[in-house]
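[1] Sequence and predicted structure below; questions after.
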Amino acid sequence: MNRGLTLHDVIVAGIAVAAGIAAALLLLVILKWLGERAGRTRWSGDDILVDALRALAPWAAITGGLAIAASVLPLNARVGRNVTMTLTAVLIMAATLTAARIVAGMVQAVAQSRSGVAGSATIFVNITRVVVLAMGFLVVLETLGVSIAPLLTALGVGGLAVALALQDTLANLFAGVHILASRTVQPGDYIRLSSGEEGYVVDINWRNTVVRQLSSNLVIIPNTKLSGTNMTNFHRPDQQMTLNVQVGVGYDSDLDHVERVTTEVVESVMADIVGAVPDHEPAVRFHTFGDSRINFTVILGVGEFSDQYRIKHEFIKRLHRRYRAEGISIPAPTRTIAVQQGELPIPHRRSAEEPMAAPTYRVPVV
(Lines give C-alpha, C1' and ligand atoms only; values in the text may rest on other atoms or scores of the structure.)
Protein backbone atom coordinates (compact mmCIF):
# COMPACT_ATOMS: atom_id res chain seq x y z
CA MET A 1 0.00 0.00 0.00
CA ASN A 2 1.65 3.24 -1.18
CA ARG A 3 -0.50 5.56 0.98
CA GLY A 4 -2.95 5.32 3.81
CA LEU A 5 -6.65 4.68 3.42
CA THR A 6 -8.65 7.92 3.65
CA LEU A 7 -12.33 8.68 4.13
CA HIS A 8 -12.48 9.96 0.56
CA ASP A 9 -11.33 6.56 -0.74
CA VAL A 10 -14.01 4.76 1.28
CA ILE A 11 -16.74 7.13 0.07
CA VAL A 12 -15.74 6.82 -3.59
CA ALA A 13 -15.49 3.01 -3.33
CA GLY A 14 -18.89 2.86 -1.63
CA ILE A 15 -20.39 5.03 -4.35
CA ALA A 16 -18.92 2.74 -7.01
CA VAL A 17 -20.34 -0.37 -5.35
CA ALA A 18 -23.73 1.29 -4.84
CA ALA A 19 -23.74 2.43 -8.47
CA GLY A 20 -23.05 -1.13 -9.57
CA ILE A 21 -25.93 -2.48 -7.48
CA ALA A 22 -28.26 0.25 -8.74
CA ALA A 23 -27.26 -0.49 -12.33
CA ALA A 24 -27.97 -4.18 -11.72
CA LEU A 25 -31.46 -3.41 -10.42
CA LEU A 26 -32.12 -1.06 -13.33
CA LEU A 27 -30.99 -3.70 -15.81
CA LEU A 28 -33.35 -6.23 -14.20
CA VAL A 29 -36.28 -3.86 -14.68
CA ILE A 30 -35.32 -3.17 -18.29
CA LEU A 31 -34.82 -6.85 -19.06
CA LYS A 32 -38.17 -7.69 -17.48
CA TRP A 33 -39.82 -5.18 -19.79
CA LEU A 34 -37.94 -6.62 -22.77
CA GLY A 35 -39.00 -10.11 -21.72
CA GLU A 36 -42.66 -9.10 -21.84
CA ARG A 37 -42.16 -7.67 -25.33
CA ALA A 38 -40.24 -10.77 -26.46
CA GLY A 39 -43.01 -13.05 -25.22
CA ARG A 40 -45.37 -11.48 -27.77
CA THR A 41 -43.25 -12.45 -30.76
CA ARG A 42 -43.31 -15.75 -32.60
CA TRP A 43 -39.57 -16.25 -32.54
CA SER A 44 -38.41 -17.99 -29.39
CA GLY A 45 -34.82 -16.84 -29.78
CA ASP A 46 -35.48 -13.40 -28.27
CA ASP A 47 -36.99 -15.02 -25.17
CA ILE A 48 -33.84 -17.11 -24.76
CA LEU A 49 -31.57 -14.07 -25.13
CA VAL A 50 -33.50 -11.98 -22.63
CA ASP A 51 -33.67 -14.80 -20.07
CA ALA A 52 -29.94 -15.40 -20.39
CA LEU A 53 -29.09 -11.70 -20.07
CA ARG A 54 -31.09 -11.54 -16.85
CA ALA A 55 -28.39 -13.66 -15.26
CA LEU A 56 -25.39 -11.95 -16.88
CA ALA A 57 -26.27 -8.25 -16.76
CA PRO A 58 -26.64 -7.89 -12.95
CA TRP A 59 -23.42 -9.77 -12.33
CA ALA A 60 -21.60 -7.65 -14.89
CA ALA A 61 -22.87 -4.41 -13.29
CA ILE A 62 -21.93 -5.49 -9.77
CA THR A 63 -18.52 -6.74 -10.94
CA GLY A 64 -17.92 -3.44 -12.69
CA GLY A 65 -18.75 -1.52 -9.53
CA LEU A 66 -16.40 -3.70 -7.49
CA ALA A 67 -13.63 -3.24 -10.06
CA ILE A 68 -13.99 0.55 -9.91
CA ALA A 69 -13.98 0.41 -6.12
CA ALA A 70 -10.81 -1.73 -6.14
CA SER A 71 -9.07 0.73 -8.47
CA VAL A 72 -9.89 3.63 -6.15
CA LEU A 73 -8.64 1.99 -2.98
CA PRO A 74 -4.90 2.25 -2.24
CA LEU A 75 -4.09 -1.43 -2.72
CA ASN A 76 -0.60 -2.74 -3.34
CA ALA A 77 0.29 -4.32 -6.64
CA ARG A 78 -0.14 -7.92 -5.53
CA VAL A 79 -3.53 -7.42 -3.87
CA GLY A 80 -4.76 -5.31 -6.77
CA ARG A 81 -3.68 -7.95 -9.25
CA ASN A 82 -5.41 -10.70 -7.29
CA VAL A 83 -8.62 -8.70 -6.97
CA THR A 84 -8.59 -7.91 -10.69
CA MET A 85 -8.03 -11.55 -11.64
CA THR A 86 -10.78 -12.71 -9.28
CA LEU A 87 -13.30 -10.22 -10.62
CA THR A 88 -12.33 -11.05 -14.19
CA ALA A 89 -12.71 -14.77 -13.51
CA VAL A 90 -16.16 -14.21 -11.98
CA LEU A 91 -17.22 -12.14 -14.98
CA ILE A 92 -15.89 -14.72 -17.44
CA MET A 93 -17.65 -17.52 -15.57
CA ALA A 94 -20.94 -15.61 -15.62
CA ALA A 95 -20.47 -14.91 -19.33
CA THR A 96 -19.71 -18.60 -19.92
CA LEU A 97 -22.84 -19.74 -18.14
CA THR A 98 -24.87 -17.21 -20.09
CA ALA A 99 -23.32 -18.26 -23.40
CA ALA A 100 -23.96 -21.93 -22.62
CA ARG A 101 -27.58 -21.14 -21.78
CA ILE A 102 -28.03 -19.13 -24.98
CA VAL A 103 -26.39 -21.69 -27.25
CA ALA A 104 -28.26 -24.61 -25.68
CA GLY A 105 -31.53 -22.72 -25.90
CA MET A 106 -30.94 -21.82 -29.54
CA VAL A 107 -30.11 -25.43 -30.42
CA GLN A 108 -33.26 -26.64 -28.70
CA ALA A 109 -35.38 -23.95 -30.38
CA VAL A 110 -34.04 -24.83 -33.82
CA ALA A 111 -34.51 -28.53 -33.10
CA GLN A 112 -38.13 -28.07 -32.06
CA SER A 113 -38.93 -25.93 -35.09
CA ARG A 114 -38.04 -28.59 -37.61
CA SER A 115 -37.50 -32.32 -37.85
CA GLY A 116 -33.86 -32.13 -38.85
CA VAL A 117 -30.81 -33.92 -37.56
CA ALA A 118 -31.16 -32.65 -34.03
CA GLY A 119 -34.84 -33.34 -33.66
CA SER A 120 -35.82 -32.33 -30.12
CA ALA A 121 -33.33 -34.67 -28.50
CA THR A 122 -31.37 -33.39 -25.53
CA ILE A 123 -28.17 -35.11 -26.62
CA PHE A 124 -27.15 -32.20 -28.91
CA VAL A 125 -28.22 -29.66 -26.31
CA ASN A 126 -26.07 -31.35 -23.68
CA ILE A 127 -23.08 -31.64 -26.00
CA THR A 128 -23.14 -27.94 -26.91
CA ARG A 129 -23.57 -26.94 -23.26
CA VAL A 130 -20.61 -29.08 -22.16
CA VAL A 131 -18.39 -27.71 -24.94
CA VAL A 132 -19.14 -24.08 -24.07
CA LEU A 133 -18.65 -24.67 -20.33
CA ALA A 134 -15.36 -26.48 -20.94
CA MET A 135 -14.04 -23.60 -23.06
CA GLY A 136 -15.08 -21.07 -20.43
CA PHE A 137 -13.43 -23.11 -17.67
CA LEU A 138 -10.15 -23.18 -19.59
CA VAL A 139 -10.32 -19.41 -20.12
CA VAL A 140 -10.91 -18.88 -16.39
CA LEU A 141 -7.88 -21.02 -15.52
CA GLU A 142 -5.74 -19.07 -17.97
CA THR A 143 -7.00 -15.80 -16.47
CA LEU A 144 -6.08 -16.96 -12.97
CA GLY A 145 -2.57 -17.72 -14.14
CA VAL A 146 -2.93 -21.49 -14.26
CA SER A 147 -1.21 -22.99 -17.29
CA ILE A 148 -3.63 -25.18 -19.19
CA ALA A 149 -0.98 -26.91 -21.36
CA PRO A 150 -0.07 -29.52 -18.66
CA LEU A 151 -3.78 -29.95 -17.94
CA LEU A 152 -4.52 -30.69 -21.57
CA THR A 153 -1.61 -33.12 -21.68
CA ALA A 154 -2.85 -34.90 -18.56
CA LEU A 155 -6.36 -35.05 -19.98
CA GLY A 156 -5.02 -36.54 -23.18
CA VAL A 157 -3.10 -39.23 -21.33
CA GLY A 158 -5.92 -39.97 -18.92
CA GLY A 159 -8.49 -39.94 -21.69
CA LEU A 160 -7.56 -43.48 -22.67
CA ALA A 161 -8.18 -44.79 -19.16
CA VAL A 162 -11.46 -42.89 -18.94
CA ALA A 163 -12.52 -44.24 -22.31
CA LEU A 164 -11.82 -47.80 -21.22
CA ALA A 165 -13.70 -47.31 -17.94
CA LEU A 166 -16.68 -45.67 -19.63
CA GLN A 167 -16.77 -47.67 -22.84
CA ASP A 168 -20.43 -48.64 -22.37
CA THR A 169 -21.41 -45.02 -21.73
CA LEU A 170 -19.40 -43.78 -24.70
CA ALA A 171 -20.87 -46.51 -26.88
CA ASN A 172 -24.37 -45.33 -25.98
CA LEU A 173 -23.35 -41.72 -26.59
CA PHE A 174 -22.00 -42.34 -30.08
CA ALA A 175 -24.89 -44.67 -30.87
CA GLY A 176 -27.32 -41.88 -30.01
CA VAL A 177 -25.44 -39.41 -32.19
CA HIS A 178 -25.41 -41.95 -35.03
CA ILE A 179 -29.16 -42.56 -34.70
CA LEU A 180 -29.95 -38.87 -34.92
CA ALA A 181 -27.41 -38.12 -37.64
CA SER A 182 -28.73 -40.92 -39.85
CA ARG A 183 -32.32 -39.70 -39.32
CA THR A 184 -33.58 -43.21 -38.78
CA VAL A 185 -35.36 -42.19 -35.57
CA GLN A 186 -36.46 -38.77 -34.38
CA PRO A 187 -38.37 -37.72 -31.26
CA GLY A 188 -42.07 -37.99 -31.99
CA ASP A 189 -41.76 -41.09 -34.19
CA TYR A 190 -43.69 -44.25 -33.40
CA ILE A 191 -41.36 -47.25 -33.49
CA ARG A 192 -41.59 -50.98 -32.85
CA LEU A 193 -38.54 -53.11 -32.05
CA SER A 194 -38.11 -56.73 -32.99
CA SER A 195 -38.05 -57.53 -29.26
CA GLY A 196 -41.61 -56.21 -28.92
CA GLU A 197 -41.15 -52.74 -27.38
CA GLU A 198 -43.10 -50.04 -29.18
CA GLY A 199 -44.28 -46.49 -28.62
CA TYR A 200 -43.54 -42.84 -29.31
CA VAL A 201 -39.94 -41.66 -29.02
CA VAL A 202 -39.96 -38.97 -26.34
CA ASP A 203 -36.27 -38.16 -26.18
CA ILE A 204 -32.84 -39.43 -27.17
CA ASN A 205 -30.23 -38.44 -24.59
CA TRP A 206 -26.57 -39.28 -24.09
CA ARG A 207 -27.26 -42.79 -22.75
CA ASN A 208 -30.70 -44.08 -23.70
CA THR A 209 -33.85 -43.50 -25.69
CA VAL A 210 -37.12 -42.86 -23.88
CA VAL A 211 -40.20 -44.40 -25.51
CA ARG A 212 -43.73 -43.67 -24.34
CA GLN A 213 -46.21 -46.48 -24.91
CA LEU A 214 -49.86 -45.89 -25.77
CA SER A 215 -50.64 -46.71 -22.13
CA SER A 216 -48.42 -43.71 -21.15
CA ASN A 217 -45.77 -45.98 -19.61
CA LEU A 218 -42.16 -45.12 -20.35
CA VAL A 219 -39.73 -47.67 -21.76
CA ILE A 220 -36.01 -46.90 -21.40
CA ILE A 221 -33.95 -48.42 -24.23
CA PRO A 222 -30.13 -48.13 -24.37
CA ASN A 223 -28.95 -46.42 -27.54
CA THR A 224 -26.71 -49.34 -28.46
CA LYS A 225 -29.67 -51.73 -28.37
CA LEU A 226 -31.79 -49.35 -30.44
CA SER A 227 -29.11 -48.96 -33.10
CA GLY A 228 -28.34 -52.70 -33.24
CA THR A 229 -31.83 -54.20 -33.51
CA ASN A 230 -34.43 -54.55 -36.23
CA MET A 231 -36.91 -51.74 -35.95
CA THR A 232 -40.04 -50.53 -37.74
CA ASN A 233 -40.56 -46.78 -37.85
CA PHE A 234 -44.20 -45.99 -38.59
CA HIS A 235 -43.44 -42.30 -39.21
CA ARG A 236 -40.77 -42.81 -41.88
CA PRO A 237 -40.71 -41.96 -44.69
CA ASP A 238 -44.29 -40.70 -44.27
CA GLN A 239 -46.47 -40.38 -41.23
CA GLN A 240 -49.58 -41.48 -43.11
CA MET A 241 -50.14 -45.20 -43.39
CA THR A 242 -52.69 -47.75 -44.61
CA LEU A 243 -54.75 -50.06 -42.44
CA ASN A 244 -55.94 -53.47 -43.67
CA VAL A 245 -59.20 -54.85 -42.27
CA GLN A 246 -60.20 -58.45 -43.09
CA VAL A 247 -63.90 -59.04 -43.89
CA GLY A 248 -65.87 -62.00 -45.24
CA VAL A 249 -69.34 -62.41 -46.80
CA GLY A 250 -71.50 -65.41 -47.67
CA TYR A 251 -71.24 -67.25 -50.96
CA ASP A 252 -74.75 -66.16 -51.92
CA SER A 253 -73.78 -62.45 -51.78
CA ASP A 254 -73.57 -60.21 -54.86
CA LEU A 255 -69.89 -59.27 -54.79
CA ASP A 256 -70.37 -56.14 -56.91
CA HIS A 257 -73.01 -54.97 -54.47
CA VAL A 258 -70.73 -55.84 -51.52
CA GLU A 259 -67.86 -53.88 -53.03
CA ARG A 260 -70.05 -50.84 -53.69
CA VAL A 261 -71.53 -50.80 -50.19
CA THR A 262 -68.14 -51.31 -48.54
CA THR A 263 -66.63 -48.49 -50.57
CA GLU A 264 -69.38 -46.12 -49.46
CA VAL A 265 -68.76 -47.02 -45.83
CA VAL A 266 -65.02 -46.40 -46.26
CA GLU A 267 -65.68 -43.00 -47.82
CA SER A 268 -67.95 -41.97 -44.95
CA VAL A 269 -65.37 -43.04 -42.36
CA MET A 270 -62.57 -41.20 -44.16
CA ALA A 271 -64.66 -38.02 -44.27
CA ASP A 272 -66.08 -38.05 -40.74
CA ILE A 273 -63.50 -39.55 -38.36
CA VAL A 274 -60.65 -37.47 -36.95
CA GLY A 275 -57.28 -38.91 -37.93
CA ALA A 276 -58.47 -40.43 -41.21
CA VAL A 277 -57.19 -39.38 -44.63
CA PRO A 278 -60.07 -37.64 -46.48
CA ASP A 279 -58.50 -37.98 -49.93
CA HIS A 280 -57.77 -41.71 -49.47
CA GLU A 281 -59.09 -43.80 -52.35
CA PRO A 282 -61.10 -46.75 -50.96
CA ALA A 283 -59.86 -50.19 -51.99
CA VAL A 284 -61.66 -53.53 -51.63
CA ARG A 285 -59.75 -56.64 -52.69
CA PHE A 286 -61.31 -60.14 -52.75
CA HIS A 287 -58.66 -62.77 -52.26
CA THR A 288 -59.84 -66.11 -50.76
CA PHE A 289 -62.63 -68.69 -51.07
CA GLY A 290 -62.93 -69.69 -47.43
CA ASP A 291 -64.71 -72.64 -45.84
CA SER A 292 -67.94 -70.73 -45.32
CA ARG A 293 -67.43 -67.30 -46.88
CA ILE A 294 -65.54 -65.25 -49.42
CA ASN A 295 -62.80 -63.24 -47.73
CA PHE A 296 -61.58 -59.82 -48.81
CA THR A 297 -59.40 -56.98 -47.52
CA VAL A 298 -60.52 -53.38 -47.03
CA ILE A 299 -57.72 -50.80 -47.15
CA LEU A 300 -58.21 -47.65 -45.07
CA GLY A 301 -56.10 -44.49 -44.86
CA VAL A 302 -54.73 -43.48 -41.47
CA GLY A 303 -53.06 -40.16 -40.73
CA GLU A 304 -50.98 -41.43 -37.81
CA PHE A 305 -50.27 -44.75 -36.13
CA SER A 306 -52.41 -44.28 -33.02
CA ASP A 307 -55.40 -43.19 -35.13
CA GLN A 308 -55.85 -46.69 -36.54
CA TYR A 309 -57.68 -48.01 -33.48
CA ARG A 310 -60.36 -45.33 -33.55
CA ILE A 311 -60.77 -45.60 -37.33
CA LYS A 312 -60.99 -49.40 -37.30
CA HIS A 313 -63.50 -49.28 -34.44
CA GLU A 314 -65.79 -46.88 -36.29
CA PHE A 315 -65.42 -48.69 -39.61
CA ILE A 316 -66.45 -52.07 -38.18
CA LYS A 317 -69.49 -50.53 -36.50
CA ARG A 318 -70.65 -48.74 -39.62
CA LEU A 319 -69.95 -51.70 -41.89
CA HIS A 320 -71.91 -54.10 -39.68
CA ARG A 321 -74.85 -51.69 -39.52
CA ARG A 322 -74.83 -51.16 -43.28
CA TYR A 323 -74.54 -54.87 -44.08
CA ARG A 324 -77.57 -55.60 -41.91
CA ALA A 325 -79.53 -52.88 -43.69
CA GLU A 326 -78.52 -54.20 -47.12
CA GLY A 327 -79.14 -57.85 -46.23
CA ILE A 328 -75.52 -58.88 -46.66
CA SER A 329 -74.62 -61.78 -44.39
CA ILE A 330 -71.33 -62.41 -42.63
CA PRO A 331 -71.59 -66.15 -41.91
CA ALA A 332 -69.80 -67.71 -39.00
CA PRO A 333 -67.50 -70.68 -39.71
CA THR A 334 -69.38 -74.02 -39.62
CA ARG A 335 -68.21 -77.62 -39.37
CA THR A 336 -70.16 -80.79 -40.25
CA ILE A 337 -69.32 -83.87 -38.19
CA ALA A 338 -70.69 -87.30 -39.25
CA VAL A 339 -70.75 -90.01 -36.59
CA GLN A 340 -71.36 -93.72 -37.48
CA GLN A 341 -72.83 -95.79 -34.70
CA GLY A 342 -71.05 -99.05 -33.96
CA GLU A 343 -69.74 -101.23 -31.20
CA LEU A 344 -66.30 -100.85 -29.78
CA PRO A 345 -64.64 -104.09 -28.48
CA ILE A 346 -64.21 -104.09 -24.71
CA PRO A 347 -60.82 -105.51 -23.70
CA HIS A 348 -61.11 -108.57 -21.43
CA ARG A 349 -59.75 -108.59 -17.94
CA ARG A 350 -56.26 -109.98 -17.92
CA SER A 351 -54.67 -112.06 -15.20
CA ALA A 352 -51.61 -110.99 -13.29
CA GLU A 353 -49.44 -113.38 -15.36
CA GLU A 354 -50.54 -112.00 -18.71
CA PRO A 355 -48.43 -109.19 -20.12
CA MET A 356 -50.09 -105.77 -20.52
CA ALA A 357 -51.04 -105.03 -24.10
CA ALA A 358 -52.06 -101.71 -25.58
CA PRO A 359 -55.84 -101.45 -25.95
CA THR A 360 -57.20 -101.56 -29.51
CA TYR A 361 -60.18 -99.59 -30.77
CA ARG A 362 -62.10 -99.81 -33.98
CA VAL A 363 -62.78 -96.34 -35.33
CA PRO A 364 -65.46 -96.12 -37.98
CA VAL A 365 -64.43 -94.28 -41.14
CA VAL A 366 -66.98 -91.81 -42.48
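    Looks like it arrived, so ask away. Keep in mind that what you see is a predicted model, and the values were worked out from it rather than measured. Numbers count the residues shown, from 1 in each chain.
[2] Strands of this structure, start to end?
    190-193, 198-204, 208-212, 218-222, 231-233, 241-249, 283-289, 294-302 (DSSP state E).
[3] can you redo those strands as CSV with mean neighbour count?
    No exception for glycine: its C-beta is placed from N, CA and C like everyone else's. What follows is the strands of the chain, written out as CSV (neighbours: other Cβ atoms under 10 Å):
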stretch, mean neighbour count
strand 190-193, 19
strand 198-204, 20
strand 208-212, 21
strand 218-222, 14
strand 231-233, 15
strand 241-249, 16
strand 283-289, 13
strand 294-302, 19
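[4] For this protein, which helix or strand comes out least confident on mean pLDDT?
    Every helix and strand of the chain was ranked by mean pLDDT, DSSP states H and E. The lowest is helix 148-165, at a mean of 63.
[5] Could you report the separation of residue 319 from residue 74?
    Using Cβ to Cβ, to the nearest Å, residue 319 is found at 94 Å from residue 74.
[6] now swap in residue 262 and tell me
    Distance of residue 262 to residue 74, computed by Cβ to Cβ: 97 Å.
[7] quick one, which of the two is more surrounded?
    Legend: neighbour count by other Cβ atoms under 10 Å for residue 262 and residue 74, higher for residue 262 (23 against 13).
[8] give me every residue that touches that one.
    When contacts are counted by Cβ atoms under 8 Å, 6 or more residues apart in numbering, residue 262 touches 247, 282, 284, 298, 319.
[9] Give me the pLDDT for it.
    Per-residue pLDDT puts residue 262 at 94.
[10] In the stretch 251-366 of the chain, where is pLDDT below threshold?
    335-336, 338, 340-366 (pLDDT under 70).
[11] Burial check on residue 94, number of neighbours?
    By the criterion of other Cβ under 10 Å, residue 94 has 19 neighbours.
[12] Can you get me the start-to-end distance on stretch 233-252?
    By Cα to Cα, to the nearest Å, the extent of stretch 233-252 from end to end equals 42 Å.
[13] cool, stretch 289-299 as well?
    Rule used - Cα to Cα; the end-to-end distance of stretch 289-299 is 19 Å.
[14] which residues touch it?
    242-251, 253, 255, 258, 262, 266, 282-288, 315, 319, 330-334.
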